[in-house]
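Engineer: Here is a sequence with its predicted model. Questions after.
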Amino acid sequence: MADLEITDLHVRTEEREILRGVNLEISRGEIHALMGPNGSGKSTLANTLLGHPSYEITEGSITFKGEDITEAEPHERAKAGLFLAFQYPVSIPGVSVANFLRMAINAKREEPIQVKEFRNQLQHAIELLDVDRAFTSRHLNDGFSGGEKKRAEILQMAMLAPDIAILDETDSGLDIDALRTVAEGVQRLHDEQGLGALIITHYQRILHYVKPQFVHILMDGRIVLEGGVELVERLEREGYDQIRQEVGASAAAAVATGNSSPPTHV
Ligand SMILES: Nc1ncnc2c1ncn2[C@@H]1O[C@H](COP(=O)(O)OP(=O)(O)O)[C@@H](O)[C@H]1O
Ligand SMILES: [Mg+2]
């Protein structure tokens, strides 16, 4: 059984159904990429995994480590070991990066973390991710560059040591340094902590720095194509339109023969 199991997930907003039967399994130690054109439902999936109240699950389920979390509150999901990188990190006046990290850790624990233990963990994360120590004394997001915001986020991820991290569109609008911070951070946490990750992206850029073992392509609320990293290269060559045409043709053939259309595996 995979750690995170998304089964036949149907999600709607007030207006219409966005996800129309998504199946996805992710375990610790696996890096997955979910790619798709704008508007295909990628962020809807990320927000639904987070437990965002605007998205209604009408069918299907989400289980995490064997527990049904379809209806769980966001903080319960985080406590269980799911991590959602925020797309729009907030700035908190007067709170240093280190204090923020301590708060984040304590939110997941019954007892506050001991000073010494916290210091050791922070030191380890700093070394693993190659972060300047002085950075942790700065105020969170106060005048941070895009890259520094991402560094704080990846540090948070290292400290919380989640089983599975979901990163939505972390490459949009990021300069190359910020992108590498995220990509290399994910790769190191994967290699060292056995992190599992779902990297959600429209572009291929980030996938030049972190290598997914599994690639899924989402179109119109369904995963239509799955494969390995060679799919990223194919997308780069052919673009989404070409893939849409092919998938459309095979789905039509399946309807003609009475078979439903599971994603094509390449
Ligand atoms: N909160 C919302 N309310 C209404 N419509 C939404 C909401 N979130 C997303 N949508 C719609 O769902 C579709 C998929 O959006 P989204 O999941 O953001 O796609 P992607 O991240 O792949 O670009 C779009 O048509 C978008 O307008
Ligand atoms: Mg999006």
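Structural biologist: That came through, no problem. Numbering: from 1, shown residues only. Ligands and ions are numbered 1, 2, ... in the order given.

Engineer: who does the helix or strand harbouring R237 touch, helix- and strand-wise?
Structural biologist: Per DSSP states H and E, R237 falls inside helix 230-257. Judged by 3 or more CB pairs under 8 Å, 6 or more residues apart in numbering; DSSP states H and E, helix 230-257 is in contact with strand 31-35, strand 214-219, strand 222-227. Any C-beta I mention is one placed from the backbone N, CA and C, and that applies to glycine too.

Engineer: in the chain, which spans are strands?
Structural biologist: Applying DSSP state E to the chain gives strands spanning 4-12, 17-26, 31-35, 56-64, 67-68, 82-84, 164-168, 196-201, 214-219, 222-227, 264-265.

Engineer: what's the closest of those strands to ligand 1?
Structural biologist: strand 17-26 (4.3 Å; CB to the nearest ligand atom).

Engineer: how about the residues of the protein near ligand 2?
Structural biologist: K42, S43, E169 (CB under 5 Å from the ion).

Engineer: Among the residues you listed, which one has the most neighbours?
Structural biologist: Highest neighbour count within those, by other CB atoms under 10 Å: K42, with 20 neighbours.

Engineer: Distance-wise, check that one relative to ligand 1.
Structural biologist: Separation of K42 from ligand 1 (CB to the nearest ligand atom, to the nearest Å): 3 Å.

Engineer: Equivalent analysis for Q114, please.
Structural biologist: 41 Å.

Engineer: Which elements pack onto the lowest-mean-pLDDT helix or strand in the chain?
Structural biologist: Least confident helix or strand, the chain: strand 264-265 with a mean of 74, by mean pLDDT, DSSP states H and E. If contacts are counted by 3+ CB pairs under 8 Å, 6+ apart, strand 264-265 sits against strand 222-227.

Engineer: what inclination does the strand it packs on have with respect to helix 230-257?
Structural biologist: Per axes from the mean of the first three to the mean of the last three CA atoms, to 10 degrees, the angle that strand 222-227 makes with helix 230-257 is 130 degrees.

Engineer: Packing partners of strand 222-227?
Structural biologist: On a contact count with 3+ CB pairs under 8 Å, 6+ apart, strand 222-227 meets strand 17-26, strand 214-219, helix 230-257, strand 264-265.

Engineer: any idea which of the ones you listed is most buried?
Structural biologist: strand 214-219 (a mean of 22; mean count of other CB atoms under 10 Å).

Engineer: residue in the chain nearest to ligand 2?
Structural biologist: Residue nearest to ligand 2 within the chain (CB to the ion): S43, separated by 3.2 Å.

Engineer: Confirm for me that that residue is in contact with L167.
Structural biologist: No: at 11.6 Å, S43 does not count as touching L167 under the criterion of CB atoms under 8 Å.

Engineer: follow-up on the earlier one: could you check how far the residue of the chain closest to ligand 2 is from D241?
Structural biologist: In this structure, S43 and D241 are 21 Å apart, going by CB to CB, to the nearest Å.

Engineer: With V131 instead?
Structural biologist: Plainly put, V131 is 41 Å away from D241 if you go by CB to CB.

Engineer: Not counting its neighbours along the chain, what's nearest I62?
Structural biologist: Spatial nearest neighbour of I62, chain neighbours left out: T70 (4.9 Å); criterion: CB to CB, 6 or more residues apart in numbering.

Engineer: Run me through the strand neighbours of the least confident helix or strand of the chain, direction for each.
Structural biologist: With DSSP bridges as the test, strand 264-265 is paired with strand 222-227 (parallel).

Engineer: Okay then, goodbye and thanks.
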